[in-house]
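Asker: here is my input; please provide its structure:
(one chain, ligands or ions: 1)
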Amino acid sequence: MIDYLRRSWAVVNLNNVAHNFTALKRVLTPGCKVMAAVKADAYGHGDKYIADQLVRLGVDWFGVSNLEEALSLREQGIYHPILIFGVTPPENVRQLNEYNLTQSIYSLPYARELHAAAQAAGVGIQVHIKIDMGMSRLGFVLDNGFAEISAGEIKEVCRMPRFQAQGIFTHFACADERNDDSMAYTRGQYRKFCALIARLEQEGVTFSIRHCCNSAGAIGYPDMHMDMVRPGIVLYGLSPSDDCAGMIDLKPAMELYSCVSMVKEIADGTPVSYGRCYTAHRKTKVATVAIGYADGYERELTNKARMLVRGQYANVIGRVCMDQLMLDVTHIDGVAAGDVVTIVGEDGGRRLTFDEMAALSGSINYEKVCLIGKRVPRIYRQDGKDIGVVDYIRHYGVKGKQSANGLYSQTV
Ligand SMILES: *Cc1c(COP(=O)(O)O)cnc(C)c1O
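Answerer: Coordinates of the predicted model:
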C-alpha cells in the first residue's frame, strides 16, 4: 500500500459509517426501514465496501441512480432489494427482472413503454411510483390541480399486469432548510403525498412501502418516516446543510490526503503557477503537493483554500493545476518532500472539512465528495486497520482479483 502514499489518497473509515448508521437508527420510528442511497459510487466513497458495511449493519434497501450502478452492486454480491431512482431504458427490461431490481415509474408514457417491453420479454417487474412535488424533476405531478389526473394515471400503472407496484415515494425539495417557510412547505408536501395515498387506497390501490424522507427529512421530520427513509449524506457523516448541522451526531467517513513532492524557496516577487495570479510578496517557502483538479480538487479553490502540513494550516497559492498545486509553508518548520498533507481530516488537533472546502468554492459537501477523482485510491479502515483498497486506475493489477465491474480491489 505504501506506493499510494506518494500521491493522493482517501481514507474511508468504516467504523464511522457504522456510527452514523446507528445514530440515524436511533432517531427513526421503530420498524421504519432504511434504504441507503449509494448512488454515484456511494457519494464517491466506493460502493463495494460501503454497501458491504451497510449490509452488516442491517440496512434494508439500496437506492441508486441507474441500472449500471445497480448491476455494480449485484456483481459485487449485494442481494438486497435495490431501487433505481432514474430512467432504465425499456430495452434493458430483462436485466431489471434477471437481477431482481425495482424500477421507479415516473410517468404514464414511461410506464407504457416499459410495460410493453416487459410483456414482449415475458417478464414481470417490481416498481415504485414516483411522485413529483416541488422539484419538477421526475414523477407524477401533484401540485396545481394535477392530483386528479395523476391519481388516474397511477391507477392505470398499478393495473398493468407485468408490474408489481410495491411502493410509492416522493422527494422533498427543501427538507434541509429549517426556516418557517421551508418547513411549512415541506409539511404541505407531505400532506399532499398522504392525501394522494389515501385517495388511491379508497380506490383499492395500496402500497406496502411508502417513503419520502432523504437524510434531512429523516432527521428533521420524525413524524414523516412512513415505512422507509432514504438517507444518503448522513451515512457518510456529512450534514445535509448548515441548518441541519448538529441535529444528530455524525462522524465524517472520508479523509483526504496528499504528499509534498518538493519544497523550494522563492524570492519576493516570484510568480506561482499558471497565469501568475499569485506573486510572492516576501521570500516564500513553497511546497508542491501532488493533488489537482483531476483528483477532484477544484480549480475554483485557487488562492482560497488551505491544507494542514505538520499540524499547521498552509494556504493554497496560485492556480490549482491538473495534477499539482502549491502551498505557502514559509511559517512551518521542517517541511520536506514526502510529508503527508491533510486536505480533509485532522492533524495536530486542527481540522479541515469538506464543508469548508465547499463553502470556499460556492458548493456543497455532497458535490465535493462526489468529485473526488478516480485517480484517488480509496483505502478502507476498520478498527484502526487498513482492510482494503479500491484503485480505479490500476484495473489490471497482478495481485488481487479483478471484480466483475472492472474495479481492482484487494485485501492488504
Ligand atoms: C440521493 C437521494 C436520496 C438521498 O439524499 P440525501 O440528501 O443524501 O440523504 C434520497 N432519495 C432520492 C430519490 C435521491 O435521489
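
Asker: tell me how many other residues surround residue 278.
Answerer: As a burial measure, residue 278 scores 21 neighbours (other CB atoms under 10 Å). C-beta coordinates here come from the backbone N, C-alpha and C atoms, glycine included.

Asker: my understanding was that it contacts residue 315; is that so?
Answerer: No. Assessed by CB atoms under 8 Å, residue 278 is found out of contact with residue 315, at 9.5 Å.

Asker: list the residues that contact both of these two?
Answerer: Common contact partners of residue 278 and residue 315 (CB atoms under 8 Å, 6 or more residues apart in numbering): residue 303.

Asker: who are the contact partners of the residue positioned nearest the centre of the chain?
Answerer: Centroid check for the chain by CA atoms, centre = their mean gives residue 43 as the closest residue, at 2.4 Å. Residues in contact with residue 43, defined by CB under 8 Å, 6+ apart, are 37, 232, 233, 236, 366, 369, 370.

Asker: residue 256 and residue 71: what is the separation?
Answerer: 28 Å (CB to CB, to the nearest Å).

Asker: which ones are touching the residue in the stretch 1-150 of the chain that the ligand sits nearest to?
Answerer: Residue nearest to the ligand within the stretch 1-150 of the chain (CB to the nearest ligand atom): residue 37, separated by 3.7 Å. By CB under 8 Å, 6+ apart, the residues touching residue 37 are 43, 62, 63, 64, 214, 230, 231, 232, 235.

Asker: where exactly do the strands run in the stretch 1-150 of the chain?
Answerer: Secondary structure of the stretch 1-150 of the chain, counting by DSSP state E, counting those that start in this stretch: strands at 9-13, 33-37, 61-64, 82-84, 102-105, 125-132, 140-141.

Asker: make JSON lines out of those strands and add mean pLDDT.
Answerer: Below are the strands of the stretch 1-150 of the chain laid out as JSON lines (pLDDT from 0 to 100):
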{"stretch": "strand 9-13", "mean pLDDT": "97"}
{"stretch": "strand 33-37", "mean pLDDT": "98"}
{"stretch": "strand 61-64", "mean pLDDT": "98"}
{"stretch": "strand 82-84", "mean pLDDT": "98"}
{"stretch": "strand 102-105", "mean pLDDT": "98"}
{"stretch": "strand 125-132", "mean pLDDT": "98"}
{"stretch": "strand 140-141", "mean pLDDT": "96"}
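
Asker: can you list the low-confidence ranges for the stretch 251-400 of the chain?
Answerer: For the stretch 251-400 of the chain, the stretches with pLDDT under 70 are 395-400.

Asker: report the strands that pair with whichever helix or strand residue 308 is part of, each with its relative direction.
Answerer: Here residue 308 is covered by strand 306-309, with elements defined by DSSP states H and E. Its sheet considered, strand 306-309 pairs with strand 312-317 (antiparallel), strand 340-347 (antiparallel) by DSSP bridges.

Asker: direction included, what does the next helix or strand after the shortest one pair against?
Answerer: Next along the chain after strand 312-317, taking DSSP H and E as the criterion, comes strand 325-328. For strand 325-328, the paired strands and their directions (DSSP bridges) are strand 284-289 (antiparallel), strand 312-317 (antiparallel).

Asker: what's the most buried one of those?
Answerer: When you average the neighbours per residue for each of these (mean count of other CB atoms under 10 Å), strand 284-289 leads with a mean of 22.

Asker: by contact count, what packs against the helix or strand harbouring residue 255?
Answerer: Using DSSP H and E, the element containing residue 255 is strand 254-266. Here strand 254-266 touches strand 9-13, strand 284-289, strand 340-347, going by 3 or more CB pairs under 8 Å, 6 or more residues apart in numbering; DSSP states H and E.

Asker: list of residues touching the shortest one?
Answerer: Same thing as strand 9-13. 45-46, 49-50, 251, 253-258, 345, 372, 376-382.

Asker: pairing partners for that strand, with directions?
Answerer: Counting by DSSP bridges, strand 9-13 is paired with strand 254-266 (antiparallel), strand 378-382 (parallel).

Asker: mind listing what's buried in it?
Answerer: Neighbour-count burial for strand 9-13 flags 9, 10, 11, 12, 13 (criterion: 16 or more other CB atoms under 10 Å).

Asker: right, and residue 234 touches residue 214 too?
Answerer: No. Using CB under 8 Å as the test, residue 234 is too far from residue 214 to be in contact (9.1 Å).

Asker: overlap in contacts, the two.
Answerer: residue 240.

Asker: show me how the record splits this protein into domains.
Answerer: 14-236, 254-402 (automatic domain parsing).

Asker: a markdown table for these, including distance to residue 243?
Answerer: Converted to a markdown table, those look like this (distance: least, CB to CB, whole Å):
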| stretch | distance to residue 243 |
| --- | --- |
| domain 14-236 | 4 |
| domain 254-402 | 12 |
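
Asker: for residue 242, find the nearest of these.
Answerer: Proximity to residue 242 (CB to CB) singles out domain 254-402 among the domains of the chain, at 7.9 Å.

Asker: got the helices and strands packed on strand 254-266 as a markdown table, with distance to residue 31 columns?
Answerer: Below are those laid out as a markdown table (distance: least, CB to CB, whole Å):
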| stretch | distance to residue 31 |
| --- | --- |
| strand 9-13 | 29 |
| strand 284-289 | 49 |
| strand 340-347 | 36 |
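
Asker: between the ones you listed, which one is nearest to the ligand?
Answerer: Of all the helices and strands packed on strand 254-266, strand 9-13 comes closest under CB to the nearest ligand atom, at 16.4 Å.
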